Structure formats: structure tokens, C-alpha cells
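Q: generate coordinates for the sequence data below:
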Amino acid sequence: MKSTWQKLHKIGDVLHLPNIPNWLCGLLFLILVLRIPSFFEPYYYGDEMVYLTMGQGVRQGLTLYKDVHDNKPPLLYLTAAVTDNLFWFKVALAFWMIVSTVWFYKLSKTFFERNEGAQKISTIIFAALTTLPLLEGNTVNSELFMIGFTILAFLILLERGLTAKRVFLAGIFLGLGTLFKIPAAFDAPIIVAYWLITGDIKKEWKNIIKNTIILILGFALPILLTFIWYYFAGSLPEYIKAAYLQNVGYLSSFRPGDVQKPFIVRNAPLLTRALVVLIGSVVVWLFRKKLSKKFILFVIWTLFALFAVTLSERPYPHYFIQAVAPISFLLAMFFTDKSVEQSLVVIPLMVAFAVPVFYKFYLYPTASYYARFINFATHKISKDQYFSGFSSTTNRNYKIAVFLSQSSHKTDRVFMWDPDSAAVYALAGRLPPIKYVVPYHVSDFSSRSEVAKQVSVNPPKFIILTPGNTYPELAPLITNKYILIQQIDGANIYSLLP
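A: Alright, predicted model coming up:
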């Protein structure tokens, strides 16, 4: 028993898990309690459904990007493949966020060594913003996974003295975060900017260059390994195109009318934001001797994170999670610091809070989310009523999935043309006959006519069309080879003729 306990302590040391104080134990328990309703959510949230469908493809032996497509790096899809269903997907996220919160607390101890109040406030704010539905903390998204790697990397770099091994390891973790979502790559330059601003460049420039190279090598290693993997899997071009090159167009995808404009005009907002980051970093450098190192790091961390948050100018609140860690530290300084910096933190905080206002970020209701779950748990509303509270089409999707599960084999292909198609694929454990799993994939990366040709070449067992989502290009195929066999809440299910 003693040896087992010693082994657990060694594992905790490797993972940077400190001895947890009582108040943090209570906070971690509260995080778990607040996440319980997410374990009972239906299959409805579009991004989660795509991830689970991609994971289903992996479990059925398909190659990501070549046989089944989405435009993120692979780690989130592989996580979905391992967990296999929404419940365990949510449980894995809950566990990860509990561990990430412990890492965040330990990082806060590094910054606020003698200020327990700041440690508590920053950790509580971080836990709240990454757990509550306000910023979609209840959904499985890349940002929640990647910030844990960023926090761990910063902890490794800042907790003790720099060594080549620690810098390289931190780079690996930053690279792993990027393999969840590309914007995590903007966390890596933060530490280099921090070294340049706080170090004595005249005396330390060799060390800064050496450490930067080591950090880059560590960062590149996990990404390079995925290139090698997909090269031997025969899908390297598809991987590079989907996970990296297609994300370049993603930057202006929320302003489709600007695509035909000159480069400078089209990217003026992006360049302006980059200029803000540069000016902010220069200002911090000019006043570096009057500022504490932690304040310098919080400011440049906030600036780089906000730049990453606003890359696509899309108003999705889970994007903002990437900036939650430095904002939590700044708020802790605002509430507890008794120096001049207590006033100065207002400047980066104003910039941070201006971003969701300027870009009109959505905010999801929190009180009603928990009230709905309590009503469901206490049998005040039925399961159908609970599900319909998330989406008006959720119950229909479940009925279609039940039909598919009872009327087809797991290897049978199904084509559904509807914004909720991925939910049905994930629920039923069925895959489409093409690589794209939702209509916006077809709109962004292919065409309806091209997909119709592919479906005709490889006819699925069922074709499902829903009201308001017609597909005229498939009409000849359906007329000649299919028969309408079922209607579920307005959805027409066509079966392939023998």
C-alpha cells in the first residue's frame, strides 16, 4: 500500500499536481457538480456532433481528412474516438478541466506566492468561466483542451529555472495544444516576447536565441510526427490542406463579401489587430523597468490571446476561453494588489472586455440551463420536453437514429441533407458515403453537384431529406434507385431498391 501511494505521488509530481488545499478541493468538487447536467445533454450541439462523427470514422478504420473530413487538427477527433459517445466525451472533458484547474492554481502560486487571496480569486474566476454555459464551458470544444496544455507549458517554464529540457518539454505541450486547434500556436510567441521584454538582451541574447530555438523544436515535434503519420497513412496532402491551409481562408470566412477585395483591404482588420498587439508589446517594453514581471506577462498574454480569439471575427463565445487565464490573473491583481499596477490592470481588462462587445459575441444563458436540468431531474418535465429545450429538432433526430439503428448495419452508409446530419450520424453510429458530414462542409469545401456525383457512384442504403433542405441534384438518383419508406416528423427517408 505504501509503495502504491509513493507511485501516486510520483505521478502527481510528473503532472505538476500539488498538495491541494481544502478550499481548492471544494472548488474542484463544485466544478464536477456544475458539469453533471452536461453529462445528460442530448446529441444536439453541432460541433460536438461533428467531432463524434469523425471519431466514429476513426473507430471504423477510416483515415481522417482523406475518408472523413473536418478542418481541425486530429487530437480532438481522436479523443472523440477513444470516448466513443457523448457521455464519456463530456466526462473526459470534466476530468481534463479539473486537472487543468489544479495546474492553473499552481501557476497562480508562482505569480502570487505570498498572496493567497489572489490565488483563490484567480482560480475561482478561471474555474467559473471555463465551466459555466456563459462561454460554452459545458460543451466539448478545442479551446478547453488546449488551454490546459498552455497552462502546463507556462508552469514548466516559470516555476523553476530554465533548462533546455524544460524549455523543450514546454514546447511539446504547446505543440500538443495546437494539435487541438491552430490558434493555440499564438500562445508560443508569448513566452518569447516575455523573454525579450524582461531579459537583459545585451547580456542574455545568446540564451534567448538558444531557448527560442529549443522551444520551436519542441513545439514542432508533435506536429511533425502527425505529418509522418499521415504520410504513411496516404493522406498527408489532405491533412495539410484541411487542418492548416483551409484555416487561412477561415480568417475571412465571416466576411464573405470581402473575398474579392485586394489583400490589404481584405485583411485590414487583421493587420490592425496585429498592430495593436505590436504597439502594446512595445509600450510594455518601454516601461519594463517600472513594471513587475508577472504584470508584463499577463499583458502580453492577454494581447496575443485576444489576437487569436478574433482571428476569424466569429462571435462564438468558446473562442474567448483562450484568453480566460490571463484575464483571471489580471482580475485577481485588480481585487488584491495594492500597488500602482492595481490601477494599470484596468487598461488590458478594458481591451479584453471590449472584444466580445465589439464583435457581438453570443452569450449563453446559465440560470435557465441549470433550471431546465433540475426540472428534468425532478420529473417536472419529460425527457422529450427536456430535449426540445436544446433544439426543436432534437427529438426528431433521435427518432431517425432509432430507425437507422434498427433498419441497417453499422457498415451501411447513410446520406442525410440537414444541418443536424452529424447528430444523426453520431447517434446511429452510421457514416455518410462521402467524406463530408454536414452541409456547410459541402458549401465550404466542395459543391452540391460534385457530392451528388459521389453519392451516385456509391449509393447509400438510405437518403434522408428534411423540410426546407431540398437537394434537386439528387432527384434523378432518388427517382431511379430509391423508394420512400418512412416519414419521421417531416423527414423523408428513402431506401435503396434491391
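Q: am I right that residue 186 is in contact with residue 310?
A: No: counting by CB atoms under 8 Å, residue 186 does not reach residue 310; the two are 10.8 Å apart. Just so you know, the C-beta spots here come from the backbone N, C-alpha and C atoms, and that holds for glycine as well.
Q: quick one, which of those two is more surrounded?
A: Ranked by neighbour count (other CB atoms under 10 Å), residue 186 and residue 310 place residue 310 first, with 23 against 20.
Q: could I get the contacting residues of the more buried one?
A: Taking CB atoms under 8 Å, 6 or more residues apart in numbering, we find residue 310 in contact with 273, 319, 355, 359.
Q: now do the buried residues in the longest helix anywhere in the chain.
A: Secondary structure of the chain per DSSP state H: the longest helix is helix 201-232. For helix 201-232, the buried set under the neighbour-count rule, 16 or more other CB atoms under 10 Å, comprises 211, 212, 214, 215, 216, 217, 218, 219, 222, 223, 226, 230.
Q: residue contacts, the third one?
A: Which is residue 214. Residue 214 neighbours (CB under 8 Å, 6+ apart): 164, 167, 168, 171.
Q: name the nearest residue to it, sequence neighbours excluded.
A: Excluding its sequence neighbours, the residue lying closest to residue 214 (CB to CB, 6 or more residues apart in numbering) is residue 167, at 4.6 Å.
Q: surely the one you found is in contact with residue 215?
A: Yes: at 5.3 Å, residue 167 counts as touching residue 215 under the criterion of CB under 8 Å.
Q: most neighbours among the contacts of residue 310, which one?
A: Busiest of these [other CB under 10 Å] is residue 319, holding 26 neighbours.
Q: what's the distance between it and residue 478?
A: Using CB to CB, to the nearest Å, residue 319 is found at 39 Å from residue 478.
Q: and what of residue 295?
A: As judged by CB to CB, residue 295 and residue 478 stand 64 Å apart.
Q: residue 302 now?
A: Look at residue 302 and residue 478: by CB to CB, they are 54 Å apart.
Q: residue 153 now?
A: 52 Å.
Q: which one's more surrounded, these two?
A: Neighbour tally, residue 153 and residue 478, criterion other CB under 10 Å: the higher count belongs to residue 153, 29 against 18.
Q: confidence score at the more buried one?
A: pLDDT, residue 153: 96.
Q: what do you get for residue 272?
A: pLDDT for residue 272: 88.
Q: and for residue 264?
A: For residue 264, the model assigns a pLDDT of 67.
Q: what does residue 307 give?
A: The model's pLDDT for residue 307 equals 94.
Q: gap between the nearest residue to it once chain neighbours are set aside and residue 311?
A: Excluding its sequence neighbours, the residue lying closest to residue 307 (CB to CB, 6+ apart) is residue 277, at 5.1 Å. Counting by CB to CB, the gap from residue 277 to residue 311 is 12 Å.
Q: that older thread, out of the buried residues of helix 201-232, who's nearest residue 334?
A: Among the buried residues of helix 201-232, residue 215 lies closest to residue 334 (CB to CB), at 30.4 Å.
Q: which non-adjacent residue is nearest that closest one?
A: Excluding its sequence neighbours, the residue lying closest to residue 215 (CB to CB, 6+ apart) is residue 171, at 4.3 Å.
Q: quick one: what helix or strand has the one you found in it?
A: Using DSSP states H and E, residue 171 sits in helix 164-178.
Q: list the helices and strands that helix packs on?
A: Packing contacts for helix 164-178, counted by 3 or more CB pairs under 8 Å, 6 or more residues apart in numbering; DSSP states H and E, involve helix 142-159, helix 188-198, helix 201-232.
Q: what mean pLDDT does the longest one have?
A: What helix 201-232 shows for mean pLDDT is 94.
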